[in-house]
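Asker: one predicted model, sequence on top.
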Amino acid sequence: MSKNLIKIKNLEYKALNNSNFSLKIRNFKLNKSESLLIYGDSGAGKSTFLNLISGALNFNKGEINILGTAVSKISSSQKDIIRGDHFGIVFQTFNLLPYLTVKNNILLGKAYSKKKELKSNNEDVKALMDKLALNYEELIDRKAYELSIGQQQRVAVARALIGKPEIILADEPTSALDSNSQKEFINLLFKSLDDNEQGLIMVSHDNKLSKKFKTVKNINEICEINND
Amino acid sequence: MIKFTLVFQSLLNRWLSCLLIIITLAFSISLFFTVSRIQETVKSSFQNTVSGVDSVVAGRGGNLQILLNSVFLIGEPSNTIKWDTFEEITSNKQIKWAVPISLGDSHKGFRVISTNNDYFKEIKYSSGKKIEFNSGKPFNDVFDVVLGSLVAKKLKYNIGSEIIITHGLSEGGEAHSFHSDKSNGHDDHADHDDHATHEDHDDHAKHEDHDDHADHDDHAGYNHADLGFKVSGILEPTGTPIDNAVYISLAGAEAMHTGWIGNQKVIDVSIEQIMERELKPKTISAIFISLKNRTQIFQFQRDVLNYKKEPISSVMPGLTLSRLWALTGNVDRAFKFITFLIIVIALLGMIAMTIAGLNSRRREMAILRSVGASPNNIVSLLLVESIIISIVSCILGYIIMIIIFTIGKDYLQNNYGIFIDSFSLKNYDLQIIIAIICAALIATIVPAIQIYKNTLRDGLSVKS
């Protein structure tokens, strides 16, 4: 298998709604075990970039290649399958379904995947929770709304990592955390990535957390944004 | 499993709005079930009341009035016919059997049918079932009375209980009873059995002081005398108006009207004096007739219409019932339409709840999209929620219907003669349930389209 997890070439995207937002990417690659921090101002297109990579938004021209599959040549439902099988995604905040328990929120990460096989639900969930410093016994049956913001973000990471997806996308996951919690969160995230050759793309509005990342880029270095 | 948990927990998370929708839907569904069940029961009760009766002959009047009054014991008694007419008509060779009945009296609100023992032998219900005695036997004495099952049950009468018959149809009517010159009363006359069938009693002139049954339709009610009738038999339940009636012999009816003119008691007569008389009715209300050959019914109808001695009518129960259904069909449809509208309103409430909740659920949808759920997956979650809500509503609606009938069973029986004897699901109910689930799915299409568009537009962006 190629060492490229993601390859983008000559991609053009125009927003479906009435805005004039458009985005172009000439060339982009993410390799195995690569961690990329993309920073930039709010509204600069960071989230749109992640949406395009994950197949949640359709582009107009060019090509995105995910693990050797040309995304432009597959249907929307196949894109959804690829996202379920090969991606783990963490949002800014409110990552969890508040009415589900911690366990079910984590297992939701493989609910729509046929590829993400687990040895045992409980064992895999426990292992991930241990790595992310979440007390399994205490939290496993708690509803998500009962957790602190920091705990919620770590549970969201556990959901993204369950089933060992090849690509992790994180959309400003630390923005709601204070600076100590941000460092702790990033440390735990990298600790749980270490042995799986996973690729990580994290977008953030600042680059204070850049030390841990192999590559750090401004969004403008990757995309040409037109927002007139 | 996690997907099921997801749907279930999502519904639980919105339990209050879901509960309100379920309650609204359940009550409208139970209303539909209840109305349908009552309509169906009334219809089958009507259809089952008489079986094997080809014609009902009565004094000239509207077919429907004759049928309702003589068969279903509803409304005002029709015009009477003379006993001579009964004898003349029953001499017709086309007739297999003929049962005379006389109406106009009541007992504690239950109608009294004066007839002979042929009634219990020949009249059938529910496509040929015989009227059976639960206990006791038919009339063996002038003052014997047979009770429909419901009358005996409601009034807690047993064999041997004495009852007073009231003149007229109101509960406040005056009692027909008698005093005796002897202490042992009418028991001495046990051999006076059903004089109505004694065709040799032809001296009607003697009974001029007797009241005419044509006058029985007096609702004010009047008292007659001191002693009552004795219960000789109690019928098995039939689920028809038969259960709601009190049966006495024609001779008994004649006896209790002795000394009366119209609504007035003019002579105080003892039982002994009554028994010395010929207890043959002067008039009756109707005759139930079965023909030897049913194809002759139209010929028989013509014969009745051409009868010269008094104006009489012949009513074919089946045909008249069909006309009745045609008449009531629009009311039926109107009822069903109203209950259907109520269900539609409840479903619109469900759509409103779903659409109102869509915006607050956009974050939920984005999370599901991030783990690989397609827009179709998300729409199907919405549809499954609708199915669950509609199934739970149907089950709850059905339970509410059972509760309504369990509580109101006696009231319906006692006041309207409606016998709800089974709560089991019928094909019709299942069709309604399937229709409601389909309607709920169709009702979800609008919010489903909305959510589909949202998920495509939002992608993985979490909207608050």
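Answerer: Received it, and whenever you're ready, just let me know what you need. Numbering: from 1, shown residues only, chains lettered A, B, ... in the order given.
Asker: now do the SS call for the residue of the stretch 151-300 of chain B found nearest chain A.
Answerer: Residue nearest to chain A within the stretch 151-300 of chain B: B:Gly239 (50.3 Å; CB to the nearest CB). All C-beta atoms are positioned from the backbone trio N, CA, C, and that covers glycine. Secondary structure state of B:Gly239, per DSSP: H, G, I helix; E, B strand; the rest coil, is coil.
Asker: so what does it look like in phi/psi?
Answerer: Main-chain dihedrals, B:Gly239, degrees, to the nearest 10: phi 70, psi 20.
Asker: now the helices for chain A?
Answerer: Assigned by DSSP state H, chain A shows helices spanning A:46-54, A:76-86, A:102-107, A:121-131, A:136-139, A:149-161, A:179-193, A:219-222.
Asker: how about low-confidence regions in the chain?
Answerer: Answering for chain A, as no chain was given. A:1-2, A:17-18, A:93-94, A:118-119, A:194-195 (pLDDT under 70).
Asker: sorry, should have said chain B
Answerer: B:1, B:169-227, B:260-266, B:269, B:276, B:414-417, B:421, B:456-464.
Asker: spatially nearest residue to the residue in it positioned nearest to chain A (excluding sequence neighbours)?
Answerer: Among all residues of chain B, B:Gly372 sits closest to chain A, at 1.9 Å; criterion: CB to the nearest CB. Setting aside the residues directly before and after it, B:Gly372 is nearest to A:Gly84 in space (CB to CB, 6 or more residues apart in numbering or on different chains), at 1.9 Å.
Asker: what does B:Leu12 give?
Answerer: Nearest non-adjacent residue to B:Leu12 (CB to CB, 6+ apart): A:Tyr99, at 6.6 Å.
Asker: mind listing what that neighbour touches?
Answerer: A:Lys143, A:Ala144, A:Tyr145, B:Gln9, B:Ser10, B:Leu12, B:Asn13 (CB atoms under 8 Å, 6 or more residues apart in numbering or on different chains).
Asker: in JSON lines: the residues you listed, plus neighbour count.
Answerer: Formatted as JSON lines, the contacts of A:Tyr99 follow (neighbours: other CB atoms under 10 Å in any protein chain shown):
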{"residue": "A:Lys143", "neighbour count": "17"}
{"residue": "A:Ala144", "neighbour count": "21"}
{"residue": "A:Tyr145", "neighbour count": "12"}
{"residue": "B:Gln9", "neighbour count": "17"}
{"residue": "B:Ser10", "neighbour count": "20"}
{"residue": "B:Leu12", "neighbour count": "10"}
{"residue": "B:Asn13", "neighbour count": "16"}
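Asker: closest point of chain A to chain B, which residue?
Answerer: For chain A, CB to the nearest CB, closest residue to chain B: A:Gly84, 1.9 Å.
Asker: burial of that residue, as a residue count?
Answerer: A:Gly84: 25 surrounding residues under other CB atoms under 10 Å in any protein chain shown.
Asker: tell me the contacts of it?
Answerer: A:Lys110, A:Tyr112, A:Ser113, A:Lys114, A:Lys115, A:Lys116, B:Val371, B:Gly372, B:Ala373 are the contacts of A:Gly84 under CB under 8 Å, 6+ apart.
Asker: which residues touch the fifth one?
Answerer: Each residue near A:Lys115 by CB under 8 Å, 6+ apart is listed here: A:Gly84, A:Asp85, A:His86, A:Gly163.
Asker: beta partners for the residue nearest to the spatial centre of chain A?
Answerer: Against the mean C-alpha coordinate of chain A, by CA atoms, centre = their mean, the closest residue is A:Leu169 at 1.7 Å. Beta bridges link A:Leu169 to A:Ile89, A:Ile201 when assigned by DSSP bridges.
Asker: can you pull the contacts of it?
Answerer: A:Leu50, A:Ile53, A:Ser54, A:Phe87, A:Gly88, A:Ile89, A:Val90, A:Ile201, A:Met202.
Asker: if you rank those by neighbours, which is first?
Answerer: Of those, with other CB under 10 Å as the count, A:Ile89 tops at 29 neighbours.
Asker: so which bits of chain A are right by chain B?
Answerer: Contact residues, chain A versus chain B (CB under 8 Å from any CB of the partner chain): A:16-17, A:47, A:50-51, A:54, A:56-57, A:76-77, A:80-81, A:83-85, A:87, A:89, A:91-100, A:104, A:107-113, A:159, A:171.
Asker: repeat that with 7 Å
Answerer: For chain A, the contact set with chain B under CB under 7 Å from any CB of the partner chain comprises A:16-17, A:47, A:50-51, A:54, A:56-57, A:76-77, A:80-81, A:83-85, A:89, A:91-92, A:94-95, A:97, A:99-100, A:104, A:107-109, A:111-113.
Asker: ok, A:Lys164 - how many residues close by?
Answerer: Using other CB under 10 Å: A:Lys164 sits among 17 other residues.
Asker: surely it and A:Asn196 touch.
Answerer: Yes - the criterion here is CB atoms under 7 Å, and A:Lys164 meets it with A:Asn196 at 5.2 Å.
Asker: neighbours of residue 136, just the number please.
Answerer: Picking chain A for this. Using other CB under 10 Å: A:Tyr136 sits among 15 other residues.
Asker: ah, no, chain B please
Answerer: B:Gly136 has 19 neighbours, counted by other CB under 10 Å.
Asker: quick one: the closest residue to it other than its chain neighbours from B:Ile287, how far?
Answerer: Leaving aside its sequence neighbours, B:Gly136 sits nearest to B:Gly233 (CB to CB, 6+ apart; 3.3 Å). Relative to B:Ile287, B:Gly233 is positioned 23 Å away (CB to CB, to the nearest Å).
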